[in-house]
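**Student:** pasting the sequence and the predicted coordinates here, then a few questions.
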Amino acid sequence: MLSQPPKFDYIGLTIILSNPNRHEKRKLLEGNGAYYFMQECLRPEINVYQCDVRLIDDTRKLLPNTKVVLLLGQRAFHLFTGRSETLDEARGSPYIVNDMVTIASFNYQDAVDPRNFEAQHNKEQIEDEEEYQEDRDSFISEKSRSQTARENYRFWLKSDCKKAIRILENGGRIPEPSFSPSYHIYPSSDIVISLLREEKNKDLYIDIETDIDTLDIRCFSFNFSNSDNIYVVPVLDTDYKLAYEQIPQIFRALSISFSNNTTIAHNGAVFDFFIFAYKYSIAIGKSVFDTLIAAHRIYPTIEKSLGHQISLWTYLPFHKNEGSYSYANMSQAEALWKYCGKDVYTMRLVKEAQIAFAKNDPGLLASINQAMKSIRPYLTMSLLGMHFNDEERLAWIDSSDRLAMQYQRIIQILTGPKVEMLISNKKCVNYFHNMLGYKVVKHTKTGAPSLAADALLKLKLKHENPVIDFLIKYREKLKESGTLNFKQWIPK
C-alpha cells in the first residue's frame with residue numbers, strides 16, 4: 001500500500017488521503033495537484049517530509065505524538081471520523097477524534113483540475129464518487145448555499161491547510177474564540193425591551209429566521225458588542241400565534257435600537273434589513289454593516305455564505321445544518337431558536353476577524369466602509385422604487401423588438417436559406433463550428449462547445465464575419481427588451 005512516512009523529524013501532522021489520484025501509480029504526492037499542495041498549502045511553515053502521508057485504507061496506528069490529522073476527500077473524512085456530514089458541510093471545521101484535532105478538505109488533485117477528471121480516469125475515484133455522490137446531491141438540493149464551486153477548491157484547500165498548521169503550532173489545541181456566549185432563549189419581554197431601548201453606540205448583531213412562504217419572522221436573535229449574552233426572541237409560536245403579547249413594543253424597541261447602534265447582519269442588505277422594512281415598517285439606522293458584503297470586498301470570487309465564512313475566519317464547527325425548516329412542534333422550534341442564536345455568535349466572530357484582517361490593508365478597510373455606506377441608499381431605493389415613463393418604456397421595448405427582428409432577417413440572408421435561424425446556442429455552435437469549421441473558444445462544464453455572450457466576442461476577435469456582428473447586435477436587443485419588460489411594483 002502506498003504511503004510516505006516522514007523522512008525528517010516528525011512534527012505531529014498526519015495527512016490521510018481518500019485514495020491515490022490518477023498520477024500516483026508508484027508513490028503518493030505525485031502530479032500537479034500534489035505540487036500545489038506541497039508548495040502553496042504547506043510551505044513555508046511545513047515541509048511535507050516532516051509529515052506522515054498515508055491512505056485511509058492503511059490500518060497502521062498513527063505515529064506517536066500525532067497532534068493534527070488532515071483528511072483529504074469525503075471518504076477519508078467519513079471513515080476516520082465516523083461523521084455523516086458531507087465534505088461541503090465539514091470542510092474546514094475542526095473535530096476532535098481520539099483526543100486529536102482533525103480537519104477535512106478537498107483532494108489536492110481535485111483542487112487543480114478544472115473538471116472532475118479523477119472521476120473519468122481514476123477507477124478508485126469513480127467508486128468513491130458513486131458511494132458519496134447521492135448523499136452530496138441530497139444535501140445540495142436542500143441547502144445549496146453551502147456548496148463549494150470547483151473553481152474555488154484551491155482557495156479552500158489552502159485555507160484549511162493553513163488552519164491545520166496554526167492548530168499544530170498551537171500545540172495541537174484549537175484556539176479559543178474571543179468570547180464564550182451565554183444564550184438566553186425566550187427571555188422575558190421586559191428584558192428584551194429594556195436592552196433594546198437602553199443600549200447606545202454599540203454594535204448590534206442581529207439575525208432573523210422567517211417563514212419561507214410568507215417571509216413572516218419566526219424568531220430573531222441579537223447581541224451587543226459589550227456583552228457575551230445572546231438573546232433569542234421568538235415572534236411566532238408553533239401555532240403561528242404571537243409568542244409575546246408585547247410584540248409591538250418589542251419591535252418598537254428594536255427600531256429604536258437600530259437608530260442608536262450599528263446594526264450588523266449577514267446578507268442583511270438583501271434579506272434581514274429588507275424584511276424588517278418591507279414586512280414590519282422598521283427602518284434600519286444610518287450605521288449598518290453586512291458581513292457578506294465585507295466578505296465580497298476581501299475575497300470577491302469565493303463563496304460568501306455564513307457557513308463558508310465561519311470556516312474561513314473561525315475555529316468553530318459547521319452548524320448550518322442544525323436549524324429546522326419545519327416549525328410544527330416545540331422540538332423543531334427550539335432547534336431553530338438555538339440555530340438562530342449560533343448565527344449571531346458566529347457572525348460576530350466573523351465580523352471581528354474581517355475587520356482585524358482589513359486593518360492591515362488601509363485600502364481594503366476604506367473599500368469595506370464605502371460599501372457599508374451604500375447599503376441604506378440602495379435599500380431605500382429598492383423599497384420606494386424609482387420613477388419612470390411607462391410610455392417611453394413600452395416604446396423602447398417595441399423598438400428593440402423591431403431591431404432584433406431586422407437583425408435576424410439580415411443574418412438569415414447572410415447565412416443562406418439552408419441554415420436554421422441562429423436563435424439558440426446549439427444552432428450557433430452547429431453553424432460556426434460544424435459548418436464553418438471555426439475553432440471552439442469555450443466549453444460548458446460538461447465539455448460541450450459554447451457560444452455564450454463572452455464566447456461570441458472571442459469568436460469575433462478571431463474571425464471577420466458580419467454574421468457574428470449582427471448576432472451580437474441581435475442578442476443585445478433581446479436583452480434590452482427582456483430587461484425592460486419587468487413587472488411593475490405598485491406600493492400598497
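**Tutor:** Everything's here; your move.

**Student:** could I get the phi/psi values of the residue nearest to residue 444 when sequence neighbours are not counted?
**Tutor:** The spatially closest residue to residue 444, leaving aside those adjacent along the chain, is residue 450, at 4.9 Å (C-beta to C-beta, 6 or more residues apart in numbering). (C-beta placed from N, C-alpha, C; glycine too.) In terms of degrees, to the nearest 10, the main-chain angles of residue 450 are phi -130, psi 140.

**Student:** repeat for residue 19
**Tutor:** Backbone torsions for residue 19, taken as degrees, to the nearest 10, come to phi -170, psi 160.

**Student:** is it true that it touches residue 122?
**Tutor:** Yes. Contact criterion C-beta atoms under 8 Å: residue 19 and residue 122 qualify, at 7.5 Å.

**Student:** identify the residues contacting stretch 302-316?
**Tutor:** Applying C-beta atoms under 8 Å, 6 or more residues apart in numbering, the external contacts of stretch 302-316 come out as 89, 91-94, 145-149, 152, 155-156, 159-160, 163, 167, 174-175, 177, 266-267, 291-292, 295-296, 318-320, 343, 346-347, 349-350, 353-354, 357.

**Student:** for ChimeraX, write a command that selects the buried ones of those residues.
**Tutor:** In ChimeraX, a selection of the buried entries from the contacts of stretch 302-316 looks like this (16 or more other C-beta atoms under 10 Å):
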select :89,91,92,93,94,146,147,148,152,155,156,159,160,163,167,174,177,266,267,291,292,295,296,318,319,320,343,346,347,349,350,353,354
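
**Student:** after the lowest-mean-pLDDT helix or strand in the chain, next one along is what?
**Tutor:** Every helix and strand of the chain was ranked by mean pLDDT, DSSP states H and E. The lowest is helix 123-142, at a mean of 48. Downstream of helix 123-142, the next assigned helix or strand under DSSP states H and E is helix 153-169.

**Student:** buried residues, the helix or strand following that following helix. List them.
**Tutor:** Using DSSP H and E, the helix or strand that follows helix 153-169 towards the C-terminus is strand 182-185. Neighbour counts over strand 182-185 (16+ other C-beta under 10 Å) mark 183, 184, 185 as buried.

**Student:** show me which of the residues you listed is closest to residue 329.
**Tutor:** Among the buried residues of strand 182-185, residue 185 lies closest to residue 329 (C-beta to C-beta), at 16.0 Å.

**Student:** mind checking the SS state of the residue lying closest to the closest one once chain neighbours are set aside?
**Tutor:** Using C-beta to C-beta, 6+ apart and skipping residues adjacent in sequence, the residue nearest residue 185 is residue 232, 4.5 Å away. For residue 232, the assignment made with DSSP: H, G, I helix; E, B strand; the rest coil gives strand.

**Student:** residue 232 and residue 337 touch, don't they?
**Tutor:** Yes. With contact defined as C-beta under 8 Å, residue 232 and residue 337 form a contacting pair (4.7 Å).

**Student:** settle it for me: which of the two has more neighbours?
**Tutor:** Taking neighbours as other C-beta atoms under 10 Å, residue 232 and residue 337 compare with residue 232 leading, 25 against 22.

**Student:** any idea of the pLDDT on the more buried one?
**Tutor:** Note on residue 232: pLDDT of 98.

**Student:** where's it relative to residue 440, distance?
**Tutor:** 54 Å (C-beta to C-beta, to the nearest Å).

**Student:** contacting residues around residue 192?
**Tutor:** Contacts of residue 192 by C-beta under 8 Å, 6+ apart are 231, 233, 250, 253.

**Student:** most neighbours among those residues, which one?
**Tutor:** Going by other C-beta under 10 Å, residue 233 tops the contacts of residue 192 with 25 neighbours.

**Student:** give me the contact list for stretch 193-200.
**Tutor:** Applying C-beta under 8 Å, 6+ apart, the contact partners of stretch 193-200 are 222, 224, 226, 231, 246, 249-250, 253-254, 256-257, 260-261.

**Student:** joint contacts of residue 232 and residue 337?
**Tutor:** 185, 186, 219, 221.

**Student:** pull out the buried members of the residues you listed.
**Tutor:** 185, 186, 219, 221.

**Student:** from those residues, which is closest to residue 409?
**Tutor:** Residue 409 lies nearest to residue 219 out of these, by C-beta to C-beta, at 58.6 Å.

**Student:** dump the residue contacts of the closest residue to residue 46 other than its chain neighbours.
**Tutor:** Among residues not flanking residue 46 along the chain, residue 165 sits closest, at 6.0 Å (C-beta to C-beta, 6+ apart). Contacts for residue 165 (C-beta under 8 Å, 6+ apart) come out as 13, 42, 45, 46.

**Student:** now, among those residues, which is nearest to residue 54?
**Tutor:** Looking across these and measuring by C-beta to C-beta, the closest to residue 54 is residue 13, at 11.9 Å.

**Student:** first residue to last residue on stretch 209-222, what's the distance there?
**Tutor:** End-to-end distance of stretch 209-222: 12 Å, with C-alpha to C-alpha, to the nearest Å as the criterion.

**Student:** which residues in the stretch 201-350 of the chain form strands?
**Tutor:** Using DSSP state E, counting those that start in this stretch, the strands found in the stretch 201-350 of the chain span residues 203-210, 217-224, 229-234, 262-265, 288-290.
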